[in-house]
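Chemist: everything below, folded, please.
(one chain, ligands or ions: 2)
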Amino acid sequence: MPDTPPNIKNALQISGLQAWYGVSQALHDISISVVTGELVTLLGRNGAGKTTTMRSIVGMVTRREGSILVNGVETVSMPSHKIARAGVAICPEDRGIYASLTAEENLVLPAIVAQGGMSVSEILKLFPSLKDRLGSPGMKLSGGEQQMLAIGRILRTGARLLLLDEPTEGLAPVVVQQIGAAIADLKARGYTILMVEQNVRFASTVADRHYVIDRGHVAETFDNQTLLADFDRISARLSA
Ligand SMILES: Nc1ncnc2c1ncn2[C@@H]1O[C@H](COP(=O)(O)OP(=O)(O)OP(=O)(O)O)[C@@H](O)[C@H]1O
Ligand SMILES: [Mg+2]
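Modeler: Numbers count the residues shown, from 1 in each chain. Ligands and ions are numbered 1, 2, ... in the order given. All right, here's what the predicted structure looks like:
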């Protein structure tokens, strides 16, 4: 049973989620909601369960229990391809770029799940530095270009709920800024975004609210104003 009644304004409403890899339980009790158009982050230490929460939403774990409503539709018993059709797409932590395919081939690979996805030219407007790289194989792209491509290709699918797992990891500050500008642009266009982010400073520049994940539970939740007002203490605690 969900902990809270379904809220139609929520693009995502997770209640009492438990998840397993094989026989090993990774998530114990996760309840998270994201209002349509909101940008919410998952913060927390290494191994806390942030990626597993994202993977659970799209059905990429051995087993899930609890409730995961995507736009009000219960998806916890659905296979991954049906969940995608509910309008959710994940940009994974490892970016998932095919090394031997060109950037353009990578971009057009994922299946369209809904109408209204971005065209390739719209994606290139969002990430202008990809324009000259379309013919390059994935393996020749920089980390930043791979990240832009990984975000760009889920925008083609028509999904309006985007799961971004550590989009700034390992990137130079100037590239982090470009990714930040693109994410702010997506938010302004009304996309709903759930983002894992270890860079708390970056998270505070784009997010509305935050959840702290710890040992497969939600340890804490606060809005971005609270984070900004108490930044040093909260970020020190997250990295302790
Ligand atoms: N494929 C897997 N098989 C078995 N256990 C896994 C698998 N992936 C993750 N785990 C375990 O699940 C737990 C949560 O891992 P998860 O990757 O979700 O953490 P995270 O918060 O994303 O960490 P990080 O910040 O390092 O990315 C950890 O104990 C991890 O060892
Ligand atoms: Mg992770």
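Chemist: CA only for contacts and neighbour counts going forward, please
Modeler: Fine.
Chemist: for the protein, which spans come out with low pLDDT?
Modeler: Along the chain, segments meeting pLDDT under 70 span 1-8.
Chemist: mind doing that once more with 50?
Modeler: 1 (pLDDT under 50).
Chemist: which residues of it fall in helices?
Modeler: 50-57, 80-85, 103-108, 120-126, 143-155, 173-188, 200-206, 224-229, 231-239 (DSSP state H).
Chemist: of all the ones you listed, which lies closest to ligand 1?
Modeler: Among the helices of the chain, helix 50-57 comes nearest to ligand 1, with 3.6 Å by CA to the nearest ligand atom.
Chemist: so which elements touch that closest one?
Modeler: strand 24-35, strand 161-165 (3 or more CA pairs under 8 Å, 6 or more residues apart in numbering; DSSP states H and E).
Chemist: deepest-packed of those strands, please.
Modeler: Stretch with highest mean neighbour count among these: strand 161-165 (a mean of 25; mean count of other CA atoms under 10 Å).
Chemist: what packs against that strand?
Modeler: Using 3+ CA pairs under 8 Å, 6+ apart: strand 161-165 touches helix 50-57, strand 88-91, strand 192-196.
Chemist: same thing but 10 Å
Modeler: Using 3 or more CA pairs under 10 Å, 6 or more residues apart in numbering; DSSP states H and E, the elements in contact with strand 161-165 are strand 39-43, helix 50-57, strand 88-91, helix 143-155, strand 192-196.
Chemist: hey, which of those is tucked in deepest?
Modeler: strand 39-43 (a mean of 26).
Chemist: quick check, residue 209 in contact with residue 42.
Modeler: Yes. Residue 209 is in contact with residue 42 according to CA atoms under 10 Å; the separation is 9.1 Å.
Chemist: which residues do these two both contact?
Modeler: Shared contacts of residue 209 and residue 42 (CA atoms under 10 Å, 6 or more residues apart in numbering): 194, 203, 221.
Chemist: show me which residues of this structure are close to ligand 1?
Modeler: Residues of the chain that fall close to ligand 1, judged by CA under 6 Å from any ligand atom: 21, 26, 45-52.
Chemist: residue 226: which of the helices and strands packed on helix 50-57 is closest?
Modeler: When these are compared for distance to residue 226 using CA to CA, the nearest one is strand 24-35, at 17.6 Å.
Chemist: helices or strands next to that closest one in the packing?
Modeler: Counting contacts by 3+ CA pairs under 10 Å, 6+ apart, strand 24-35 packs against strand 10-21, strand 39-43, helix 50-57, strand 63-70, strand 192-196, strand 209-214, strand 217-223.
Chemist: can we see that at 7 Å?
Modeler: Secondary-structure packing of strand 24-35 (3 or more CA pairs under 7 Å, 6 or more residues apart in numbering; DSSP states H and E): strand 10-21, strand 217-223.
Chemist: tilt between it and strand 161-165?
Modeler: In terms of direction (axes from the mean of the first three to the mean of the last three CA atoms, to 10 degrees), strand 24-35 departs from strand 161-165 by 130 degrees.
Chemist: could I get the contacting residues of residue 166?
Modeler: 93, 195-198 (CA atoms under 7 Å, 6 or more residues apart in numbering).
Chemist: torsion angles phi and psi at it?
Modeler: With angles defined as degrees, to the nearest 10, residue 166 sits at phi 50, psi 60.
Chemist: how far away is it from residue 104?
Modeler: Distance of residue 166 to residue 104, given as CA to CA, to the nearest Å: 23 Å.
Chemist: swap in residue 149?
Modeler: 9 Å.
Chemist: what bridges to residue 89?
Modeler: Legend: beta-bridge partners of residue 89 under DSSP bridges are residue 162.
Chemist: OK, contacts around it?
Modeler: Shown in contact with residue 89 (CA under 7 Å, 6+ apart): 154, 159, 161-163.
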